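Trainee: have a look at this fold, sequence not included:
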C-alpha cells in the first residue's frame with residue numbers, strides 16, 4: 001500500500017472555527033486519515049496522509065471550507081502520523097508580530113523555475129533561509145544565509161542583526177513549504193528591505209521541479225519520516241530519542257550514537 005502525504009495552507013479569514021473543526025475531524029476520521037490540521041481566524045494549515053482513493057473526498061471537504069487549495073504531495077509506504085488532530089490556534093504559523101496580512105498584503109512570489117534560472121545565471125541575490133537551525137543543518141540552498149534561530153518566533157529579532165546593505169539588494173526567502181515566508185517576507189518589507197520575493201511552494205516545490213540543482217542535502221519534514229531527499233523520498237535520517245534532533249546516516253555511524261538513547265549532539 002502506498003500513501004500520499006499532503007501539505008498545504010491558505011491564508012483566508014475564517015469564522016465558526018469550532019464548527020469547521022468538527023466537520024474536518026469527522027470527515028478525516030471517516031476517511032481514515034491521520035495527520036494534523038491547524039485552524040485559525042487567519043486560515044488553515046494542513047499536514048495529512050491519505051490513500052489515493054481518499055484524496056478526492058478530502059480535497060472536496062477542504063474546498064467547501066476555504067475554497068481552492070493546492071497541495072504539495074510526496075509518497076510514502078507507511079503512514080508517518082500516529083493520529084488525526086484538528087486544532088484551533090491563534091496563528092496557523094506562530095510568528096508573534098501584529099500587522100502582517102499574508103492574504104491581502106503578501107510579498108511578491110518567485111516560482112521554483114524562475115528562482116533556479118536566477119541561480120543558474122549567477123544573479124546577485126541574498127537568499128534567506130527562514131527555518132530553524134536543526135532544519136538548516138540537514139540541507140539548504142548553496143550560499144544561503146541562515147539566522148541561527150531555534151524557533152520562527154525568533155526571526156524578527158534576528159533580522160535586526162543583518163547588515164544594512166542587504167536592504168538594497170534583491171532578497172529571496174524560503175522555507176519548507178512556503179508558509180513561514182508568507183509572514184517573513186512581508187515583515188522584511190516592513191523593515192525597509194526594498195526588493196523581497198518569497199519562494200513559492202518552498203523547498204518541497206523546488207525539489208519537485210528542479211531536483212538538487214543548487215540545493216545541498218535533505219529537507220526536514222515535520223512527520224515520522226524526519227527528512228526527504230531531492231526526489232522527495234524518505235531518507236535514512238532518524239530522530240534522536242534523547243534530544244529529538246535529526247541524526248543523519250553518517251552521524252548514526254558515530255560511536256556517540258546509541259540507538260534509543262543519544263547522538264553526537266547529546267552524548268556528553
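Mentor: Everything's here; your move. Note that the structure is a prediction, hence the values are computed from the model and not measured.
Trainee: only C-alpha atoms for contact and neighbour calcs from this point on.
Mentor: OK.
Trainee: count the residues that sit near the residue lying closest to residue 13 once chain neighbours are set aside.
Mentor: In this structure, residue 13 finds its nearest non-sequential neighbour in residue 42, 5.0 Å apart by C-alpha to C-alpha, 6 or more residues apart in numbering. Neighbour count for residue 42, taken as other C-alpha atoms under 10 Å: 20.
Trainee: can you pull the contacts of residue 42?
Mentor: Counting by C-alpha atoms under 8 Å, 6 or more residues apart in numbering, residue 42 touches 11-14, 91-92.
Trainee: for the residues you listed, pick the one with the most neighbours.
Mentor: residue 92 (23 neighbours).
Trainee: pLDDT at it, what is it?
Mentor: pLDDT, residue 92: 97.
Trainee: just to check, it is in contact with residue 46?
Mentor: No: contact status for residue 92 versus residue 46: not in contact, 9.3 Å apart, counting by C-alpha atoms under 8 Å.
Trainee: find residues that contact each of those two.
Mentor: Common neighbours of residue 92 and residue 46 (C-alpha under 8 Å, 6+ apart) are residue 38.
Trainee: which residue ranges of the stretch 101-250 of the chain form helices?
Mentor: Counting by DSSP state H, counting those that start in this stretch, the stretch 101-250 of the chain has helices at residues 112-120, 133-138, 155-159, 181-190, 202-210, 249-252.
Trainee: which other residues reach the last one?
Mentor: Contact with helix 249-252 is made by 236-238, 257, 263-264, as judged by C-alpha under 8 Å, 6+ apart.
Trainee: separation between residue 268 and residue 261?
Mentor: According to C-alpha to C-alpha, to the nearest Å, residue 268 stands 12 Å off from residue 261.
Trainee: I should have written residue 83 there, sorry.
Mentor: For residue 83, the distance to residue 261 equals 25 Å [C-alpha to C-alpha].
Trainee: how about the strands in the stretch 51-200 of the chain?
Mentor: 72-76, 84-88, 109-110, 126-129, 139-141, 145-146, 171-174, 196-199 (DSSP state E, counting those that start in this stretch).
Trainee: helix or strand with the lowest mean pLDDT in the chain?
Mentor: strand 72-76 (a mean of 87; mean pLDDT, DSSP states H and E).
Trainee: could you name the helices and strands sitting against it?
Mentor: Using 3 or more C-alpha pairs under 8 Å, 6 or more residues apart in numbering; DSSP states H and E, the elements in contact with strand 72-76 are strand 3-11.
Trainee: mind listing the strands the strand it packs on pairs with, and their directions?
Mentor: Using DSSP bridges, strand 3-11 pairs in its sheet with strand 43-50 (antiparallel), strand 72-76 (antiparallel).
Trainee: next SSE downstream of it?
Mentor: Once the chain leaves strand 3-11, the next helix or strand it forms, by DSSP states H and E, is helix 17-31.
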